[in-house]
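Asks: this one's sequence-less:
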């Protein structure tokens, strides 16, 4: 079943019409994932979708059993009938519907080689690709969740909360545990709770590793509860939707500087949460929280938050306004609208360990609803 | 630590020199993964690498803590200093080293937008992208594992085997279990064994779902041990390397047609294994196994196997020779050489359930070494 409502599809088609785009191509493969495919067609992955200006959709798929069961499109093409050449199948789909002369828009992340091949196959066709083209329409559509999406995200958050609440006693009854022991515990709980599994590699980092942004490996066999700042960053896939939280784990005693990191992290988190209201531009909130951390001489080398949904990094992004002119060209101010679901996750990286407080937030017409219950857990 | 030996790097540089390529660009981001980055630089992900014809390497990274710790390059650039614009950082890196006029090759999966932006930034530069260009050199290099890689893959296979051997008794002592219960068990065992986690979503499918190629969701809360053909397809990440096996689970009684599926699957597996010898072209083996299944009026809609390594789908591919002329243009015969590590996984999809037998194989100078111990497990 597709996710997009007719209203959202109409907005995308209107944008195509305004700009004279006859068709938009979306590819989702192992080498490059794009959840707009599932959003528009219901097909979970490993396929190509052509969306035409009149709303007609054609899906080119490999696993026809999955495609027949889960996709909702006007035309379903078995790539097996094209000797597994998506390019060949796509050329036929385009020719059938549009002839030889058309404007086809591909997404910024589309394979460069495929774009070149399509241009070669259709010398009279125009292959368009823009940083601020149809991709922005998809971002706009997906940033504001539909009521069924919100219901699922709330269920996922509730399941995540039951797991967050088990962390303290699990660690207390397993002192001396390894990072990986907590990861095993969490991932087992994900499935016990009814989730599909982790929405990304479960990160567990002791004081020696918590200062990195993304730990490699995600959880090691080092002892977790060494004194200092540790953290776990994890999320649940729940009915196809991601949650994402980070829980700081404070193993006392902390040094004065470590305690200061936690305090400044909490201040930045409170600043961000207190600013949230319908209509406030995302970058204003991000700049305030990150600015606070920087004003204390500390380092936060990432954005304040991101949408969650079909992807763990869904729109919108809560990041400072870019200063690079090329990025600025494609940038759009993003007011935080009712129906958006996103993380707030200020954090600090340092050589003496890091901290990050991350919760999932639903913006409503009357203000933010904090869906998850993450916060620092103290072990003394 | 980079994986590529100097010999492998030299082969890549020689190819660049022969074709007049001044630099090759590799990007590895959430929107498009490319393990050639780690292969050449040690950087695990989320970065851009420029490899120059003289062997000089420049890495543009976001998480500088990880990059400093794990990468092995000549120049390390913090994208933070470019306001997080990889494009801007890359333009500087290229200008510094090559000036304004050069031939830069990008990989087939490179972002089309980035290629257009680079062409705009360097009107006198030539941006090359070919299906049979440098990508083929990377495939050739990575298809034949280095001795340290083989050692890790063997360790991973041994750990996988201990887990395969636990499946029968786990199911027997939990009759009535759900698909997800087996998935939880397996994934917990991965981490207990010392692995990083699953190398892909652990698939568990009862008779109603085993006929699909990739189940959605990967494991559901349906009862696993209903009579008929079930299977589990899973793999372990072990020190950064993937294993991949599929174990058919036969819950008796089976119908005559279900038993026939298992028998034909076994025959196809034996045909493939018995053909393996150093130098045999991969497509010959694939065509024989798939041809056998088709000759029995059954369906196998995927390739016979794939390399395993840094990715669960590493080179080489064991697939029939393509018939599509466009695919054929880029196709190369792949003799199975000593040092290649790959899956053999013939399988059958059908409406009455599916079967797939999959093991990991190392080709040696004296023949194939079957590293894993998967095979049908019977429950009566």
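Replies: Sure, I can see it. The model shown is predicted, which means the values in this text are computed figures rather than measured ones.

Asks: which residues of the stretch 101-250 of chain A fall in strands?
Replies: Here the stretch 101-250 of chain A has its strands, by DSSP state E, counting those that start in this stretch, at A:103-106, A:126-128, A:197-198, A:203-205, A:228-234, A:236-238, A:241-242, A:245-251.

Asks: please name whichever of these is nearest to chain B.
Replies: Comparing the strands of the stretch 101-250 of chain A against chain B with C-beta to the nearest C-beta, the closest turns out to be strand A:103-106 (5.9 Å). Where C-beta positions appear, they are placed from N, C-alpha and C, glycine not excepted.

Asks: and the closest one, what does it pack onto?
Replies: Judged by 3 or more C-beta pairs under 8 Å, 6 or more residues apart in numbering or on different chains; DSSP states H and E, strand A:103-106 is in contact with strand A:23-28, helix A:112-121, strand A:126-128.

Asks: can I get these in JSON lines including mean pLDDT?
Replies: Putting the helices and strands packed on strand A:103-106 into JSON lines (pLDDT from 0 to 100) gives the following:
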{"stretch": "strand A:23-28", "mean pLDDT": "98"}
{"stretch": "helix A:112-121", "mean pLDDT": "97"}
{"stretch": "strand A:126-128", "mean pLDDT": "97"}
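
Asks: re the thing from before, confidence-wise, which of the strands of the stretch 101-250 of chain A is weakest overall?
Replies: Lowest mean pLDDT within the strands of the stretch 101-250 of chain A: strand A:197-198, a mean of 90.

Asks: low-confidence ranges in the stretch 51-200 of chain A?
Replies: Scanning the stretch 51-200 of chain A with the threshold set as pLDDT under 70 gives no residue ranges.

Asks: hang on, the earlier thing: any chance of the strands of the stretch 101-250 of chain A in CSV, with distance to residue A:146 too?
Replies: What follows is these, written out as CSV (distance: least, C-beta to C-beta, whole Å):
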stretch, distance to residue A:146
strand A:103-106, 24
strand A:126-128, 28
strand A:197-198, 24
strand A:203-205, 30
strand A:228-234, 26
strand A:236-238, 16
strand A:241-242, 11
strand A:245-251, 23
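
Asks: got those as TSV, with mean neighbour count and distance to residue A:78 columns?
Replies: Below are these laid out as TSV (neighbours: other C-beta atoms under 10 Å in any protein chain shown; distance: least, C-beta to C-beta, whole Å):
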stretch	mean neighbour count	distance to residue A:78
strand A:103-106	22	22
strand A:126-128	17	25
strand A:197-198	23	29
strand A:203-205	27	40
strand A:228-234	27	38
strand A:236-238	24	28
strand A:241-242	28	29
strand A:245-251	24	41
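
Asks: just list whatever residues bridge to residue A:228.
Replies: For residue A:228, the beta-bridge partners under DSSP bridges are residue A:251.

Asks: how far away is it from residue B:220?
Replies: 41 Å (C-beta to C-beta, to the nearest Å).

Asks: before we move on, the earlier item: most tightly surrounded among the helices and strands packed on strand A:103-106?
Replies: strand A:23-28 (a mean of 23; mean count of other C-beta atoms under 10 Å in any protein chain shown).

Asks: alright, I will stop here.
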